[in-house]
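In: sequence? don't have it. structure:
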């Protein structure tokens, strides 16, 4: 009998997780299947009970359930509790254990293009993705992480909540734009620039630091206006496919003990998108 894995969320039909995970199972010679389950907000508790009853080996969690699922699990890793969100669940002998691979996935992807030690980093946004990335970057050694957001109180709350006043500042978007040339790495975590609003940009790029790295967690379009303008100014750029692949690979490793080929995952997503914006 095949081992069963999946992802729960709403909407979910657009998810590319089945594509990359089923390919990884096949590539690793594993008799397993990954399925996308549409679960509306009011059905989460019933869905989790169903996962238990069916003996699902593990599953991913996406919008809108990452926070709401926490009290429905048997245990949750410390990082996921601090972040306040779970994106991966492992069924271990009938116990459902929650993890968050978003932050670690992003940082592992970022390390492909930059050595993080002693770097000044700017995070744009203070939502769910920013929380995971901010927390995970902050525990890296010897870096300074500032965060800007349209609603400044949200970024201020994030700095205080994680007690990171010694290595982090909450600043306005306008201040970030003025000081952009001080940052070695700029991380864009909002939906600004996502299809269909591909001509939007979260902040103006007047000048940037030489050889800066710009990372956008969006992968549709493959190159946002932010990345395009940063590249024109000489930046190294990285789109959201890299984070998507790494967070998926880390989830796969938690379920199976095997770390799949992240380059293969990235290429599958690129092929599926065809270099287009829709």
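Out: Ah, there it is. Values in this document were obtained by computation on a predicted structure and should not be read as measured data.

In: quick one: strands adjacent to the helix or strand hosting residue 145?
Out: Residue 145 belongs to strand 144-148 when elements are defined using DSSP states H and E. Applying DSSP bridges, strand 144-148 is found paired with strand 120-124 (parallel), strand 170-171 (parallel).

In: if you compare the ones you listed, which one is most tucked away?
Out: strand 120-124 (a mean of 24; mean count of other Cβ atoms under 10 Å). Heads up, the C-betas are built off the backbone N, CA and C, glycines and all.

In: next structured bit after that one?
Out: Using DSSP H and E, the next helix or strand after strand 120-124 towards the C-terminus is helix 128-138.

In: thinking again about what came up before, and of the strands paired with strand 144-148, who's closest to residue 259?
Out: Nearest to residue 259 among these is strand 120-124 (25.7 Å), distances taken as Cβ to Cβ.

In: tell me the gap between the closest one and the middle of its chain.
Out: Offset of strand 120-124 from its chain centre (Cα atoms, centre = their mean, to the nearest Å): 15 Å.

In: so what touches it?
Out: 130, 133-134, 137, 143-149, 173, 176, 180, 182-190, 202-203 (Cβ atoms under 8 Å, 6 or more residues apart in numbering).

In: before we move on, what about stretch 251-263?
Out: By Cβ under 8 Å, 6+ apart, stretch 251-263 touches 5, 21, 24, 27-28, 30, 32, 57-58, 60, 87-88, 90, 99, 101, 242, 245-246, 248-250.

In: quick one, which of the residues you listed are buried?
Out: 5, 21, 24, 32, 57-58, 60, 87-88, 90, 99, 101, 242, 245-246, 248-250 (16 or more other Cβ atoms under 10 Å).

In: which of those fall in strands?
Out: Of the buried ones among the contacts of stretch 251-263, the ones assigned to strands by DSSP state E are 5, 32, 58, 60, 88, 90, 99.

In: tell me the spacing between the fifth one and residue 15.
Out: Residue 88 sits 14 Å away from residue 15, going by Cβ to Cβ, to the nearest Å.

In: also the last one?
Out: Distance, residue 99 to residue 15, using Cβ to Cβ: 18 Å.

In: can you give me the strands in the stretch 151-278 of the chain?
Out: In the stretch 151-278 of the chain, the strands defined using DSSP state E, counting those that start in this stretch lie at 170-171, 185-188, 213-216, 236-238.

In: taking helix 128-138 as reference, get the angle to the longest helix anywhere in the chain.
Out: Longest among the helix segments of the chain by residue count, using DSSP state H, is helix 241-256. With axes from the mean of the first three to the mean of the last three Cα atoms, to 10 degrees defining the directions, helix 241-256 sits at 80 degrees from helix 128-138.

In: would you pull up how far helix 241-256 lies from the middle of the chain?
Out: Using Cα atoms, centre = their mean, the offset of helix 241-256 from its chain centre is 10 Å.

In: mean confidence for it?
Out: Averaged over helix 241-256, pLDDT sits at 98.

In: the chain should start at 2 in everything you say after this.
Out: Yep, numbering from 2; the last one is helix 242-257 now.

In: now do the helices in the stretch 152-279 of the chain.
Out: All helices of the stretch 152-279 of the chain, identified by DSSP state H, counting those that start in this stretch, fall at 153-162, 174-179, 226-233, 242-257, 263-274.

In: buried residues in the last one?
Out: This means helix 263-274. Here helix 263-274 shows 263, 266-267, 269-270, 274 as buried, counting by 16+ other Cβ under 10 Å.

In: where does the chain have low pLDDT?
Out: The model of the chain has pLDDT under 70 over residues 276-279.

In: in this protein, which residue is closest to the centre?
Out: Per Cα atoms, centre = their mean, the C-alpha nearest to the average position across the chain is that of residue 103, at 3.9 Å.
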